[in-house]
Structure formats: structure tokens, C-alpha cells
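Asks: sequence? don't have it. structure:
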């Protein structure tokens, strides 16, 4: 302690001295600088610069001033040009609005006279319309939401969302809501619009709507073509004039599909392929945008009427649902959403005069929904696999799209958007959050639902899609919606009767059929478009391969799972334990069946390899190695893993399909994995029941499947 007390002052003085010296040196430097600056200033005052130096300084100053003035003049010119362009655009918009206001005043006067006279269509109203639109072509019905130069038919939209939603139609919609779920699809007949396709239809609940629609089309055609016949309006005449679509569709497939869409029927198309996917996307996006633009035109026109006439009849301005979103597009992957938004931009954001809409938040959208630089191009030998997984395959997303006068806004809030593009998982999560937070159900006002690539939802979770359809068209009111503008059918909980559903899939399934039957109440009817299958069994490369189809007898569809499990455990599993049946692959389409078989095999202590969608990469490699070298006699293999990876399994000698696969091409793909040297002694066994008729028809062919199900024999051999 004594040493520390003696040493501490010395240490403090040692630490402080340099700082003191440094501060003194700093002060001396400052003083020297001040003295030198004062001396220089005094020298300059005593000895002034020459004229040459003054001139050079003045020249430099004048040059800098000239540059500044030049930049200012440039800025002023740019600002002036920008203001002139804005004035021109505003002038054009005001002129168009003035024309719309004039037409709106004519409509209001006609409606006032109509109310006073008590007649539905008086002669005075017709005279007013004819005077304002003498230049219109014969058969062109002037519509209040359109301009004088627009050639667009609104009959089908009016029949659907104006005439069918009045107060006197509520009892009819209630009757339809009760009876439509019990109506099944009718018998198949050749399609009148699509060649090589067949249709199964549910007749419209309101036949007078269809008859009136046909009468309007025929009258329009007679007026245009004279005595040559009643041709229907062209595709361009059915579209809203602000949609950029100049080319007329002449191919029979897209033209026929748009004809079904424009009839506002529910369409269930089960023949979607990679070849016709682009045409389908272009047609349903065209119909979706056309519907949104027509609905928007009605709302804007009614807004003007209510602003100019506070005492106007509110019943004639009922044009909305409980929420703003009117269209819903459900796709499985972000890449599919990217293609849909690109199609939307082509229809609405193309250059069309002065009104060119901007696609806002485009860069952010491309980053979120595009393919990153780190992802390499797909080089799988299977072309179908490359087409499905070539882009961003994230299945969790929700995107709100709002259509404005001069822009299309992406990443809009869901309750303030016009179109919602989402995956089932993302939409279900967003909907659950909204309902748990006691917010409004933003799907209450949906009028058009499009489900594309519905077959892929079986490889994700089909229950998410069921949840969405169960919560469509609720009765929760959003804060931004005026209750006096809501349709009468929405107040009665009958919004689903005027909702159109379009579903596109590569095949049909009981889950999809249940959604179309129990969740769709369209009063315009339904149509199922399909085509007879030849079967993928003809794509099997081995001609001498023994293929046995064994039918299981079940009393009801509830007993199918138990009957199949008992037959496999008691009949097929004892055969797999023998050495002659080594290298057997058991193909299991359902994950629930896979778990049940796996648990049973573990309890019985049976050696087997397993590969499913949740198996990690190292475990998959280990299972394939054990199966190849014979250390494990057989392998459990799920269809969902095959969908996402499409590997080539080696050393397969026998295949057992626990049930027919959903994708029929997987049947031939798995059999073609058997090597040619083992094909003579290889076998294939398929277990099916009477409730697997659709799956069986896609494998062996529609006609063969009917004969096999009606046959008394339970086993059928194909070689």
C-alpha cells in the first residue's frame, strides 16, 4: 500500500504531462497561423494585384455565372415542357369527363321521366337516346357507362349483375341456392364449340336469362348482317374499349373457351396440358380484366349520378358487394402469378393513346416473384417437369392488385384491391388472420374465381382450397363500402348465386367435383369439359411385361382405405418377404396410406426402405443405395416425392401400385424404369376399386375402364 501511494502521484504526473505539452503546442500553432494570415493580408493591401490578375479573376467569375444561368434555363425549359404535357393530358381527361357527364345527365333525365310515367321503356326515352346517338350503327345498344364512340356489348353483364340482382329476384335466388347443390352433371354430349371435346352440363336455373341472351345476340346479328343470319358479336365488341386487345381470336380452342367464359357459367375444364396452358391463361385473364373494367365503369357512372343528383333512386345504383375485391385468381406457384401479371400488364398497361396505365411496384414484383441469379436453368430430361418448376416455385404468397385510372397498383392492401392473386396456403393464412383479428372477410364481395393448375393442389394440400371456398361470399361488411350501394342478394346471403367459378386441371378428382357441386351455386349453370382418354398404358416400352389390375370389392367409399390395407397386409406383404420378389417398389399415392404402411412395417420389424416428400437428401441416397444393392428387399415410394423430384430408381424388378396414381403418366414412367433384361420376369400389380374409375380410365383408357368395372372378374392381365 505504501509503494502504491508513492507511485500513484508520479504516474498521474507522467500521464498528464504529454497532454499538457500537446495542448501548448496546439495553441502555439494556432497563434502562428493567425500571425501569418494577418501578415499576408497586410502585404496584399500594401501591394495590390495587377490588372491582368483582376481580368482573369473576373473572367472566371463570369464563366461560372454563365454556367449557372445555363443550367437554370435548362431546368426552366424542362419544367415548362412538363407543365405543358400535364395541361394537355388534364385537358383531354376533362373533355372525356365532360362527355361522360353529358351522357350521365341524359340518363338521369330519362330515368326521371321513366319514374313519372311509370312505363319501363317509354317512347320519349328512346327519342332522347336516338337524338344523342344518331351516329350509332344499327343494332348497337347505347349504354350509359360507355362513350359515344365505343362499340361494346353490355347485355351479358347487365343480365348477370343488373337484372338478376334486383329486389324482386331474391325469391328466385333463394330457390336456386337450395336446389342447385343437389343437381348433378348431365350426360356427356359432343361440344358444340370445342372440337374433339365432350361436355356435361347443369342446365341454367334461369332459362329465361339464356333465352334473352340469345335473342339479344340474334337481334344484334340480324341488324348488322341483314338477311344473312344472326351472327354473334365479335370478341372485340364484347370487350371493354379500354382493354388493349386488337387481334381477333380465330383459333377454335381459345375462341370456344372464351365463349364459355363470357356466358358466365361455371366451367370445369379437366384437359389442361402444357401445350394449351398459354391459350387458357390468355383467355381467362382477358375475361377477368373485362369483368373488372365493366364493373368499374358502372361504379364510376353511379358515383357521378349520386354526386349530381342527391335525390336519385339508390336502388338503381346498387352495384357492389360487401367488400371491394371482385376477382380472385388462385395459382400454385409464384411463377404462375408472374405470368398472370404479365398478361394483365399487356391488357391494361399497353400504349393506347394518352391513357397509358403504369404498372407500379414492378421492380419489387420482379424481385419477389422472378427467378434469382443463384437458381440455374432446369436441365431435367422430363419436359413436363421443366415446365412446372422452371421459375419461382414458392407456394406461400398473396398479392393485391388495384386498377386505377392511370395505373395498375401491385402490392395493394387486400381489402382495397380489385383483384387478389394468391396461393391456397397464403390466402388461407391471410384469411385466418383477418377473421381472428375481427376484421372484415375480404372475400365477401368476390364475383369471379379462377383456379388454375388445380391438379397441383393435390401435391400441396387440397384442404386449403376447400377452406377458401367455404369462406367465400360471406356477409361481413368492410368499412369503406357504402351500405346503400350493396345489392339485395348480398344482404340475403345469396352472393354465391351470381359468382362465376372457372377451374382448370389436368384431370378430375372427387375433391374437385365436390367443390364444383357443393360450393358453386351459379344460376347460369355449370359445364364440365372433358375428353375421352386412350390411356398411358400404351406408353409402356416393355411389350412382355406382365401387368395385373386387381379390383377390390367395397360396399362404400368409407371402407376403401381399410379394405386396401387389409388386402396388402394379408395377401401381398407375405410375398414380398421371399427372395424371388426382392427389389419391389411399392408406389403409394396418398401420404396417409404411406404413414399407415410404414408404422405397420416398423411394428412387424420388416426391413424396408422409405422415400417420401419429407425425407432428407442423405436419407434418400441411403435408401436408394440399400434398395439397389439388395440390403432392403422393397421400398415405399410416394407420388408426391416423384412429382417434386422425378428421379430414376434403379434395380426395380417388381412394382405394386397401392392405388392408381393421380397423374396417369407416372404409371408408364415407373414401368419404364425397369431395365430391358429384367422385363421378362418383372411384374406390375395395381389395386383399384369401383371408386377409382377416373384414375383407372386415365391409365387403361376410358372404354377399357368401363368394361373392367362392369366385368364379373376381379383381375385383368395386360401384356
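Replies: Thanks, I have it. Given the structure is predicted, the values throughout are model-derived calculations rather than measurements.

Asks: Next, count neighbours for residue 647.
Replies: Burial of residue 647 is recorded as 12 neighbouring residues (other C-beta atoms under 10 Å). Heads up, the C-betas are built off the backbone N, CA and C, glycines and all.

Asks: same question, residue 485
Replies: Other residues close to residue 485 by other C-beta under 10 Å number 16.

Asks: Can you tell me the closest non-neighbouring residue to it?
Replies: residue 320 (4.7 Å; C-beta to C-beta, 6 or more residues apart in numbering).

Asks: again, but for residue 596
Replies: The shortest distance from residue 596 to any non-neighbouring residue, by C-beta to C-beta, 6+ apart, is to residue 565 (6.3 Å).

Asks: what's downstream of the helix or strand containing the one you found, the next helix or strand?
Replies: In the assignment (DSSP states H and E), residue 565 maps to helix 560-567. Counting by DSSP H and E, the element after helix 560-567 in chain order, helix or strand, is helix 573-576.

Asks: In that following helix, which residues are buried?
Replies: By 16 or more other C-beta atoms under 10 Å, the buried positions in helix 573-576 come out as 573, 576.

Asks: Report the distance from it to the chain centre.
Replies: On the basis of C-alpha atoms, centre = their mean, to the nearest Å, helix 573-576 is displaced by 46 Å from the centre of the chain it belongs to.

Asks: Quick one: name whatever helix or strand follows it.
Replies: According to DSSP H and E, the helix or strand after helix 573-576 is strand 584-588.

Asks: From the contact counts, what lies against that next one?
Replies: Helices and strands touching strand 584-588, by 3 or more C-beta pairs under 8 Å, 6 or more residues apart in numbering; DSSP states H and E, are helix 591-603, strand 634-638, strand 654-657, helix 665-672.

Asks: now residue 168: how far from residue 489?
Replies: Per C-beta to C-beta, to the nearest Å, residue 168 is found 11 Å from residue 489.

Asks: Among the two, which residue is more densely surrounded?
Replies: With neighbours defined as other C-beta under 10 Å, residue 168 and residue 489 compare such that residue 489 has more, 27 against 7.

Asks: Check for me that that one belongs to a helix.
Replies: Yes. Under the criterion used here (DSSP: H, G, I helix; E, B strand; the rest coil), residue 489 sits inside a helix.

Asks: and it, what is it in contact with?
Replies: 165, 169-170, 173, 495, 497-498 (C-beta atoms under 8 Å, 6 or more residues apart in numbering).

Asks: go with 10 Å
Replies: Shown in contact with residue 489 (C-beta atoms under 10 Å, 6 or more residues apart in numbering): 161, 164-167, 169-170, 172-174, 177, 318, 321, 473, 495-498, 523.

Asks: With residue 656 instead?
Replies: Counting by C-beta under 10 Å, 6+ apart, residue 656 has contacts 548, 568, 572-573, 575-576, 581, 584-588, 634, 683-687.

Asks: so the residue nearest to residue 596 makes contact with residue 597?
Replies: Yes. With contact defined as C-beta atoms under 10 Å, residue 565 counts as touching residue 597 (7.6 Å).

Asks: measure residue 540 to residue 693 for me?
Replies: In this view, residue 540 and residue 693 are 21 Å apart by C-beta to C-beta.

Asks: Neighbour count for those two, which is higher?
Replies: Per other C-beta under 10 Å, whichever of residue 540 and residue 693 has more neighbours is residue 540, with 19 against 16.

Asks: Look up how far residue 589 lies from the more buried one.
Replies: In terms of C-beta to C-beta, residue 540 sits 19 Å off from residue 589.

Asks: Next: residue 530.
Replies: Counting by C-beta to C-beta, the gap from residue 530 to residue 589 is 21 Å.

Asks: before we move on, what about residue 338?
Replies: 30 Å.

Asks: Could you look up the SS state of the closest residue in space to residue 456 that isn't next to it in sequence?
Replies: Nearest non-adjacent residue to residue 456, counting by C-beta to C-beta, 6+ apart: residue 332, 4.1 Å away. With three-state DSSP as the basis, residue 332 sits in coil.

Asks: Tell me how many other residues surround residue 332.
Replies: Residue 332 has 23 nearby residues by other C-beta under 10 Å.

Asks: Also residue 434?
Replies: Residue 434, neighbours per other C-beta under 10 Å, totals 18.

Asks: coming back round to it: what's the closest of the helices and strands packed on strand 584-588 to residue 343?
Replies: Proximity to residue 343 (C-beta to C-beta) singles out helix 665-672 among the helices and strands packed on strand 584-588, at 27.3 Å.

Asks: related to what we said a few turns ago, let me see the contact set for the residue nearest to residue 485.
Replies: Residues in contact with residue 320 (C-beta under 10 Å, 6+ apart) are 295, 298-299, 302, 326, 445, 447, 478, 481-487, 490.

Asks: neighbour-wise, which of those leads?
Replies: When neighbours are counted by other C-beta under 10 Å, residue 445 leads those with 27 neighbours.

Asks: OK, contacts around that residue?
Replies: 320-326, 415, 472-474, 476-478, 481, 486-487, 490, 495, 499 are the contacts of residue 445 under C-beta under 10 Å, 6+ apart.

Asks: which residue packs closest to residue 649, ignoring adjacent ones?
Replies: The shortest distance from residue 649 to any non-neighbouring residue, by C-beta to C-beta, 6+ apart, is to residue 673 (5.5 Å).

Asks: what distance separates stretch 657-667 from the centre of its chain?
Replies: For stretch 657-667, the distance to the chain centre is 27 Å (C-alpha atoms, centre = their mean).

Asks: likewise stretch 598-611?
Replies: Relative to the centre of its chain, stretch 598-611 is centred 41 Å away, using C-alpha atoms, centre = their mean.

Asks: So for it, what gets flagged as buried?
Replies: Those would be 601, 608-611, for stretch 598-611 by 16+ other C-beta under 10 Å.

Asks: Give me the subset of the residues you listed lying in strands.
Replies: 609-611 (DSSP state E).

Asks: quick one: which of those is nearest to residue 456?
Replies: Nearest to residue 456 out of these is residue 611 (C-beta to C-beta; 20.5 Å).

Asks: Tell me what that closest one is bridged to.
Replies: Taking DSSP bridges as the rule, residue 611 bridges to residue 637.

Asks: Need phi/psi at the residue nearest the centre of the chain.
Replies: In the chain, the residue lying closest to the centroid (C-alpha atoms, centre = their mean) is residue 329, at 3.4 Å. Residue 329 adopts backbone torsions of phi -120, psi 120, taken as degrees, to the nearest 10.

Asks: give the contact list for it.
Replies: 284-285, 288, 336-337, 340-341, 344, 399, 401, 419-422, 448-452, 502.

Asks: just for the stretch 251-400 of the chain, where's the confidence low?
Replies: Filtered on pLDDT under 70, the stretch 251-400 of the chain yields the residue ranges 351-355, 372-378.

Asks: Appreciated, that's everything.
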